[in-house]
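> Give me coordinates for this.
(2 chains)
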Protein chains: 2
Amino acid sequence: MRDLYHEELDAISDQLVEMTRLVSSAMSRAATALLDADLGLAEGVIAGDEDVNAIQHALEDSALQLLARQQPVATDLRTIVASLRMSADLERMGDLAVHVAKVTRRRYPASVVPPELRSTVLQMGHVAERIVAKAGSVIAGKDVEVALELAHDDDEMDKLHRELYRMILSKDWAHGVETAVDVSLCGRYYERYADHAVSVANRVVFLVTGAWAADQAEPVS
Amino acid sequence: MRDLYHEELDAISDQLVEMTRLVSSAMSRAATALLDADLGLAEGVIAGDEDVNAIQHALEDSALQLLARQQPVATDLRTIVASLRMSADLERMGDLAVHVAKVTRRRYPASVVPPELRSTVLQMGHVAERIVAKAGSVIAGKDVEVALELAHDDDEMDKLHRELYRMILSKDWAHGVETAVDVSLCGRYYERYADHAVSVANRVVFLVTGAWAADQAEPVS
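Residues are numbered from 1 along each chain as shown, chains lettered A, B, ... in the order given. Presented below is the predicted three-dimensional model:
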């Protein structure tokens, strides 16, 4: 049987996994709401962010109590401190999903994404979902191999993001300034979301191996 | 004479003050470079971000060592954990100054900011400088009164940010899509920079009073 201390450490890890699940669902719904101009779905993402914030606060409380009561050293100490940083990344990912949902709500009933950009925006959403799903596996299973794939996925996100800008800034752009600004902001929200997910995975790699993942000097803060 | 332990705690606080000074200087120079299309100044901001990152790493190392060796509880523990979060906010503020500098560099020798937006962008830079200067005083002097002023300064930033959008989205906009997108992104960078500075100050308030500042349910993560 595991002792209470290690049960509490595991509980923190479970909270990170649960936060990952919630912000993954939030971005998935926000991305669909953006493409379908679905106000109800967008409102659900905005309202649901409270749950993410609540888990983060609970996690911070547990971490502080563990530090105070158990006075962990070495790996356990680094794990708890890294968990605090990861929870901040995940909380921010929830905020970014909310930002996407709020663009949808602000422009409703109009659609933010013009037809010729739908495919790129759809792909950005899919890459974001893939990245956060892998980050969840990395947290749950301490799987360093999966974490290393994330640099590649993140490159794909950056490529799609550049493609989006190219289309917005092309001479053929016929959708006006407001749509250009809104799509640019949403593109940035997706990219930042992916950056934070990669950062979460890299913190796990650092805990396991003592070195940052290749192609990543340090995590995004 | 203070003991080594409290000297180390003070050293962490000094590192936060030094980070605040560096990211304040970075945003001030980035804002000037943006308005003057000054490539040299922008390059300096981009290169200088290494120093901010180096202090953050040093601070994280010191904090982990303090936690492991001294096993602090109560206020000291909360102070160290809060310092880790504040250093992450400050490091991100340095990144946001770099983002502004990179927009300047990308558009050089063209100027990003059209004449009729100069006043608003200038004011946003000034408010950002005021907010970070106050955050620095709050860290250095644990001055809760100054922290409470920041909610007002942040409202001013939000108002300027909305004004910027109104001008970009007005029917009279004559500067094309690329400038609209670039100015929108810079506006967002200033606003996020201010949000992080307010978050840093609020963490100090929370340490001192045990409650978040008014009008602020929780800090930005």
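
> Show the average pLDDT along the host helix or strand of residue A:30.
Applying DSSP states H and E as the criterion places residue A:30 in helix A:4-36. In this model, helix A:4-36 has an average pLDDT of 94.

> how about it, does it get close to chain B?
No. Judged by Cβ under 8 Å from any Cβ of the partner chain, helix A:4-36 makes no contact with chain B; its nearest approach is 11.6 Å. All C-beta spots, glycine's among them, are computed from the backbone N, C-alpha and C.

> and the next helix or strand after that helix, anywhere near chain B?
The helix or strand immediately downstream of helix A:4-36 is helix A:39-70, counting by DSSP H and E. Yes. Counting by Cβ under 8 Å from any Cβ, chain B has neighbours in helix A:39-70: A:53, A:56-57, A:63-64, A:67-68.

> and if you look at stretch A:171-178?
Yes. Using Cβ under 8 Å from any Cβ, we find that stretch A:171-178 touches chain B at A:173, A:177-178.

> Could you list the low-confidence segments of chain A?
Residues of chain A that meet the criterion pLDDT under 70 lie in A:1-2, A:211-221.

> For it, which residue gets nearest to chain B?
Proximity of chain A to chain B (Cβ to the nearest Cβ) peaks at residue A:71, 3.9 Å away.

> That residue - nearest residue in space that isn't next to it in sequence?
Leaving aside its chain neighbours, residue A:71 sits nearest to residue B:71 (3.9 Å; criterion: Cβ to Cβ, 6 or more residues apart in numbering or on different chains).

> and that neighbour, how many neighbours?
By the criterion of other Cβ atoms under 10 Å in any protein chain shown, residue B:71 has 16 neighbours.

> What does it show for phi and psi?
The phi and psi values for residue B:71, taken as degrees, to the nearest 10, are phi 50, psi 60.

> Excluding chain neighbours, give the residue nearest to residue A:85 in space.
That would be residue A:203: by Cβ to Cβ, 6+ apart, it lies 6.2 Å from residue A:85.

> Where does the one you found sit: helix, strand or coil?
Assigned by DSSP: H, G, I helix; E, B strand; the rest coil, the conformation of residue A:203 is helix.

> wait, isn't it in contact with residue A:88?
No. Contact criterion Cβ atoms under 8 Å: residue A:203 and residue A:88 do not qualify, at 10.6 Å.

> Could you give the secondary structure assignment for residue A:110?
coil.

> where's it relative to residue A:175, distance?
Residue A:110 sits 11 Å away from residue A:175, going by Cβ to Cβ, to the nearest Å.

> quick one, which of these two is more surrounded?
residue A:175 (17 against 11).

> who's in contact with the more buried one?
residue A:114 (Cβ atoms under 8 Å, 6 or more residues apart in numbering or on different chains).

> same check, this time on residue A:12
A:59, A:62-63, A:66, A:80, A:83.

> Throw these into a markdown table and include neighbour count, thanks.
Shown next, in a markdown table, are those (neighbours: other Cβ atoms under 10 Å in any protein chain shown):
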| residue | neighbour count |
| --- | --- |
| A:59 | 25 |
| A:62 | 17 |
| A:63 | 21 |
| A:66 | 21 |
| A:80 | 21 |
| A:83 | 24 |
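
> Just name the closest of the residues you listed to residue A:11, please.
residue A:62 (6.5 Å; Cβ to Cβ).

> okay but that closest one is in contact with residue A:11, surely?
Yes. With contact defined as Cβ under 8 Å, residue A:62 counts as touching residue A:11 (6.5 Å).

> Please save the CA atoms from stretch A:73-84 in CSV.
Only the C-alpha atoms of stretch A:73-84 are listed here, as CSV (Å, rounded to 0.1, in the frame of the first residue of the first chain):
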residue,chain,number,x,y,z
VAL,A,73,13.5,17.2,-1.2
ALA,A,74,15.1,16.1,-4.5
THR,A,75,12.7,14.6,-7.1
ASP,A,76,9.5,15.1,-5.1
LEU,A,77,10.3,18.7,-4.5
ARG,A,78,11.1,19.3,-8.2
THR,A,79,7.9,17.5,-9.1
ILE,A,80,5.7,19.6,-6.9
VAL,A,81,7.3,22.9,-8.1
ALA,A,82,7.0,21.8,-11.7
SER,A,83,3.3,20.9,-11.1
LEU,A,84,2.7,24.5,-10.0
